[in-house]
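Undergrad: task: produce atomic coordinates for the following.
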Amino acid sequence: MVAEKIGTTLSQHIIETQKDFPQASGRFTRVFNELATCGKIISSYVRRAGITAEITGKKGSVNVQGEEQAKLDVIAHNIFVNRLLETGLVAAISSEESDEIVEADEENSRNANYIISTDPLDGSSNIDVNVSIGTIFSLMKRKTPLGERVSKEDFLQKGSEQIAAGYILYGSSTIFTYTSGHGVFCFTLDPTIGEYLLSHSRLKIAEEGTTYSVNEGNRKFWNKGEEELVCYFQGNHAENDKPYTGRYIGSLVADFHRNLLKSGIYLYPKATKDGKQDNGKLRLLYEAMPLALIMKEAGGFSSDGEKDILEIVPTEIHQRVPLFIGSKREVNLAKEFLHKYNP
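TA: Just a heads-up that it's a prediction; the model follows:
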């Protein structure tokens with residue numbers, strides 16, 4: 001197909017392959033083009049982050065997660081909210097940087113078809129040290145009937161209900177990766193012409209990986225299953241004496257993108273601190289679910305240690321979840337270790 005030739009623009013690809021999308025419409029194309037434009041604008045800010053104090057450093061406020069916001073966190077959030085809600089096609093947005101959903105004006109809240117969940121700038125703690133960061137997004141259709149105002153409940157759908165998901169990586173190049181249920185495609189931004197050009201078509205991850213990505217600084221807070229699993233990956237286990245390669249950037253999009261291309265597993269398990277067990281750090285709606293859909297379409301798998309991420313029914317907008325995602329063998333291995341060793 002012409003739309004899958006390397007060098008095809010993102011806009012051309014979406015238009016020419018619309019017939020493959022069950023939700024095919026000009027509205028879908030326009031929303032996707034707007035997402036791509038948001039990525040271009042944020043990429044421009046990221047490129048200038050080292051030369052202007054106005055967009056680097058901390059803002060002095062915290063988000064709903066209790067995390068201190070970087071200035072670029074807020075800039076990226078505002079770009080997404082303003083541009084996407086102005087299309088008249090998005091009824092509301094849930095964002096890591098907002099306590100509540102952000103609704104469009106009343107008319108569009110009642111009549112727009114789409115809702116979007118996003119982490120506008122994942123890995124923002126790495127901005128000031130020039131490490132790759134990214135944007136993650138999930139696109140769904142509302143459940144509330146047209147004519148009624150959209151509500152928080154519209155966002156509490158299983159990941160399998162997503163009609164599209166993607167991320168934009170801001171690294172040595174800016175890469176827009178997405179799936180709409182018909183394969184995974186990567187488009188690299190060519191700054192000389194301002195267009196995303198197809199660079200990877202129908203990506204597939206190997207069923208067995210050789211890399212593991214985890215924040216080992218949290219090791220003392222893990223349960224026995226997580227400890228034994230990482231020992232296995234390090235080659236220090238009765239069942240395995242051949243170590244995997246350890247790679248951890250600390251920016252979810254960057255770690256995920258590398259493993260998608262190179263194979264392996266990313267894990268962020270639960271932790272037990274002060275006698276209390278948490279649910280990990282990552283958010284279900286706008287981090288785990290969209291990446292899980294991409295990984296599924298690439299032939300990989302994702303789990304919270306027990307359930308398929310895409311089959312979890314969310315109960316809260318900012319719900320956290322443990323995440324094991326990547327090559328099938330390694331994710332299934334993680335489930336086996338957690339079931340075997342954890343009470």
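
Undergrad: residue 94: what's it in contact with?
TA: Residues touching residue 94, when contacts are defined by CB atoms under 8 Å, 6 or more residues apart in numbering, comprise 101, 102, 115, 116, 117, 118, 155, 285, 286, 317. Where you see a C-beta, it was placed from the backbone N, CA and C, and this is true even at glycine.

Undergrad: same thing but at 6 Å, please
TA: Contacts for residue 94 (CB atoms under 6 Å, 6 or more residues apart in numbering) come out as 101, 117, 155, 317.

Undergrad: which of the residues you listed sit farthest apart?
TA: Greatest spatial distance among those (CB to CB): 101 and 117, at 9.1 Å.

Undergrad: these two: who's more crowded?
TA: residue 117 (28 against 19; other CB atoms under 10 Å).

Undergrad: how confident was the prediction at that one?
TA: You'll see residue 117 listed with a pLDDT of 98.

Undergrad: am I right that it is in a strand?
TA: Yes: the assignment for residue 117, made by DSSP: H, G, I helix; E, B strand; the rest coil, places it in a strand.

Undergrad: against residue 322, how distant is it?
TA: Going from residue 117 to residue 322 by CB to CB, to the nearest Å gives 19 Å.

Undergrad: thinking again about what came up before, between the contacts of residue 94, which is closest to residue 266?
TA: When the contacts of residue 94 are ranked by distance to residue 266 (CB to CB), residue 117 comes first, at 19.6 Å.

Undergrad: can you give me the distance of the closest one to residue 14?
TA: For residue 117, the distance to residue 14 - CB to CB - is 20 Å.

Undergrad: and the residue lying closest to residue 234 once chain neighbours are set aside, which of the three is it?
TA: Nearest residue to residue 234 in three dimensions, chain neighbours excluded: residue 243, at 5.3 Å (CB to CB, 6 or more residues apart in numbering). Three-state assignment for residue 243 (three-state DSSP): coil.

Undergrad: ok, residue 243 to residue 336 distance?
TA: 19 Å.

Undergrad: same thing with residue 312?
TA: 20 Å.

Undergrad: quick one: which of these two has more around it?
TA: residue 312 (20 against 12).

Undergrad: by contact count, what packs against the longest helix belonging to the chain?
TA: The longest helix of the chain (DSSP state H) is helix 26-47. If you count contacts as 3 or more CB pairs under 6 Å, 6 or more residues apart in numbering; DSSP states H and E, helix 26-47 packs onto helix 10-16, helix 71-85, strand 164-170, strand 174-179.

Undergrad: point out where the stretch 151-300 of the chain drops to low pLDDT.
TA: Scanning the stretch 151-300 of the chain for pLDDT under 70 picks out no residues.

Undergrad: show me where it has helices.
TA: With DSSP state H, counting those that start in this stretch as the criterion, the stretch 151-300 of the chain has helices at 224-233, 252-262, 289-297.

Undergrad: check the protein for me, the residue farthest from its geometric middle.
TA: Each residue of the chain has a distance to the centre, and by CA atoms, centre = their mean the biggest one is for residue 238: 34.6 Å.

Undergrad: who's in contact with that one?
TA: Counting by CB under 6 Å, 6+ apart, there are no residues that residue 238 touches.

Undergrad: now the phi/psi pair for it, please.
TA: phi -60, psi -30 (degrees, to the nearest 10).

Undergrad: quick check: residue 336 vs residue 300, distance?
TA: Taking CB to CB, one finds residue 336 at 17 Å from residue 300.

Undergrad: shaky segments in the stretch 1-150 of the chain?
TA: 1-3, 19-25, 49-69.

Undergrad: domains of the chain?
TA: Under the assignment automatic domain parsing, the domains of the chain span 2-200, 211-341.

Undergrad: and the longest helix of the chain, how far from the chain's centre?
TA: 15 Å (CA atoms, centre = their mean, to the nearest Å).

Undergrad: then that helix to CSV, C-alphas only?
TA: What follows is helix 26-47, C-alpha atoms only, in CSV (Å, rounded to 0.1, in the frame of the first residue of the first chain):
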residue,chain,number,x,y,z
GLY,A,26,-13.0,12.8,8.6
ARG,A,27,-13.5,13.6,12.3
PHE,A,28,-11.0,10.9,13.3
THR,A,29,-8.5,12.2,10.8
ARG,A,30,-8.8,15.8,12.1
VAL,A,31,-8.4,14.7,15.7
PHE,A,32,-5.3,12.7,14.8
ASN,A,33,-3.8,15.6,12.8
GLU,A,34,-4.4,17.8,15.8
LEU,A,35,-2.6,15.4,18.1
ALA,A,36,0.3,15.4,15.7
THR,A,37,0.4,19.2,15.7
CYS,A,38,0.4,19.3,19.5
GLY,A,39,3.5,17.0,19.3
LYS,A,40,5.2,19.4,16.9
ILE,A,41,4.6,22.4,19.2
ILE,A,42,5.7,20.5,22.3
SER,A,43,8.8,19.3,20.5
SER,A,44,9.7,22.9,19.7
TYR,A,45,9.5,23.8,23.3
VAL,A,46,11.6,20.8,24.4
ARG,A,47,14.3,21.8,21.8
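
Undergrad: lovely, talk soon.
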